[in-house]
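Undergrad: next one to model:
(one chain, ligands or ions: 1)
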Amino acid sequence: MKNVVALLIAAPGSLRRTEAEVLSAARRLADGLGGRVTAVILGAADESWTADAAAYGAERVARVEHAALGSYQAELAVEAARQACLALQAEVCFVPSSTYGLELAPVLAQKLGAAVVADVTAAAGDAATGAVKITKPVYGGKANSELIARQAPLVLAMRSRAVAPVEKKAGAAAEVMKLDVQLDAALAKSTIVERKTEAAGGARLEDARIIVSGGRGLGGREGFALLEELAGLLGGSVGASRAACDQGWVPASWQIGQTGKKVAPELYLAVGISGASQHLVGIGGAKHIVAVNKDEKAPIFQAAEAGVVEDFKTFIPALIQAVKKHKAAEGK
Ligand SMILES: Cc1cc2nc3c(=O)[nH]c(=O)nc-3n(C[C@H](O)[C@H](O)[C@H](O)COP(=O)(O)OP(=O)(O)OC[C@H]3O[C@@H](n4cnc5c(N)ncnc54)[C@H](O)[C@@H]3O)c2cc1C
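TA: Okay, the predicted model is just below:
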């Protein structure tokens, strides 16, 4: 399996870490197999994506631009990806585990007659046999499962933050091509009536260096206002447990965990979160975990490096004051 494709779905702005990870996973696999990487950019992404894809190791960059891809719609994106994979004779196709990627991967695999694996954390190639060893966590991250794929084609959805990006080689050359696809807008089974952009507080959770996260223990939206103030002071972002999202206190896009985002900040401050295994799965990549919980027996303290047994209503305002005082002393 030598033809490796990294499928990138256009998004506003420059290429993000999510795309860099997909390109890096593809690069490492192609190195193991003695193959080559083609980055397929689906939709009208910023021009800089081409150079960035090359910098992350793609030998070829295929831009697929079509009027019908202007606004992401699953059926059209899948059809464009299918045609691109066939034209490039893709044997392994990596997609990001973003909302779009996860929607696209199984349908694309079905249309290509490919095997599909989601939540992949590593894919290593054996040049002698051409086989691909795929690793993915199971049992809520308590164990890893290893799958050996001996036959192409494969569609692999990479878990975000599972791999470190390869070294970016600015100025690296790649063959750049425009790939034409035939798309009929009537393929789309849904109509986009309206798009609402959620106001983002701080960096995307997947890219955040500091995350202040709240759970059911916050008791309501007001508790999150305190966390937002703290995160703002620390230059961080706010996340949440599923319980807090399900209550409607914060948007579902803030959810961290098994069915939410996987994050890897330097500091994860868990406030009023019990530490269920489904939540911990999402924070396995965090460097330092600090927990604030009024129950000293809360399981989160097993995962945390430091803990504060205290009511958040007492501790967080005090912490906010301390950070403000520190910043004032530093003249920031
Ligand atoms: C298939 C499946 C997938 C799931 N996916 C996810 C997921 O992606 N993410 C996720 O988070 N969960 C997920 N869950 C849900 C998970 O099992 C837990 O129910 C959830 O994480 C609990 O959220 P919580 O810790 O906020 O709430 P709780 O478990 O209710 O914990 C609240 C905590 O707040 C503390 N507390 C209460 N009051 C205060 C106070 N005043 N000050 C300080 N501490 C206080 C309590 O002591 C308690 O420890 C999933 C479950 C299933 C079955």
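
Undergrad: what's the longest helix along the chain packed up against?
TA: Under DSSP state H, the helix in the chain containing the largest number of residues is helix 312-330. On a contact count with 3 or more C-beta pairs under 8 Å, 6 or more residues apart in numbering; DSSP states H and E, helix 312-330 meets helix 221-234, strand 288-293. Any C-beta I mention is one placed from the backbone N, CA and C, and that applies to glycine too.

Undergrad: which parts of the following helix or strand past the shortest one are buried?
TA: To tie it back to what came earlier, the one meant is strand 288-293. Per DSSP states H and E, the first helix or strand lying C-terminal to strand 288-293 is helix 300-303. Neighbour-count burial for helix 300-303, counted by 16 or more other C-beta atoms under 10 Å, picks out 300-301, 303.

Undergrad: of the residues you listed, closest to residue 289?
TA: residue 303 (5.7 Å; C-beta to C-beta).

Undergrad: if we can go back for a sec, out of the helices and strands packed on helix 312-330, which one sits most buried?
TA: strand 288-293 (a mean of 22; mean count of other C-beta atoms under 10 Å).

Undergrad: which residues touch it?
TA: 217, 266-275, 283, 298, 300-301, 303-310, 312, 315-316 (C-beta atoms under 8 Å, 6 or more residues apart in numbering).

Undergrad: change it to 7 Å
TA: Residues from elsewhere that reach strand 288-293 (C-beta atoms under 7 Å, 6 or more residues apart in numbering): 217, 266-272, 283, 300-301, 303-310, 312, 315.

Undergrad: count the neighbours of residue 128 for me.
TA: Neighbours of residue 128 under the rule other C-beta atoms under 10 Å: 8.

Undergrad: separation between it and residue 36?
TA: 18 Å (C-beta to C-beta, to the nearest Å).

Undergrad: show residues contacting stretch 172-184.
TA: So stretch 172-184 is contacted by 50, 53-55, 58-64, 66, 68, 76, 79-80, 83-84, 87 (C-beta under 7 Å, 6+ apart).

Undergrad: looking at it now, give me its mean pLDDT.
TA: On average, the pLDDT along stretch 172-184 is 95.

Undergrad: cool, and stretch 214-225?
TA: 97.

Undergrad: just the buried residues of the contacts of strand 288-293.
TA: So, by 16+ other C-beta under 10 Å, the buried ones in those are 217, 267-272, 283, 300-301, 303-304, 307-308, 312, 315.

Undergrad: closest to residue 138 among the residues you listed?
TA: residue 283 (17.8 Å).

Undergrad: so the closest one makes contact with residue 263?
TA: Yes: using C-beta atoms under 7 Å, residue 283 is in contact with residue 263, at 6.1 Å.

Undergrad: follow-up on the earlier one: please render the buried residues of helix 300-303 as TSV that adds distance to residue 190 to the earlier fields.
TA: Output for the buried residues of helix 300-303, formatted as TSV (distance: C-beta to C-beta, whole Å):
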residue	distance to residue 190
300	40
301	45
303	40
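
Undergrad: returning to that earlier point: where is pLDDT lowest across the buried ones among the contacts of strand 288-293?
TA: Scoring the buried ones among the contacts of strand 288-293 by pLDDT puts residue 283 last, at 92.

Undergrad: what separates it from the ligand, distance-wise?
TA: 9 Å (C-beta to the nearest ligand atom, to the nearest Å).

Undergrad: which residues does that residue contact?
TA: Taking C-beta under 7 Å, 6+ apart as the test, what residue 283 contacts is 256, 263, 268, 289.

Undergrad: which of the residues you listed come close to the ligand?
TA: Counting by C-beta under 6 Å from any ligand atom, residue 256 from the contacts of residue 283 sit close to the ligand.

Undergrad: closest to residue 26 among the contacts of residue 283?
TA: Residue 26 lies nearest to residue 263 out of these, by C-beta to C-beta, at 22.7 Å.

Undergrad: that closest one: how many residues sit nearby?
TA: 24.

Undergrad: for the stretch 201-332 of the chain, what lies in contact range of the ligand?
TA: Within the stretch 201-332 of the chain, the positions lying close to the ligand (C-beta under 6 Å from any ligand atom) are 215-217, 241-244, 255-260, 272-274, 276, 278-279, 282, 292-295, 298, 311-313.
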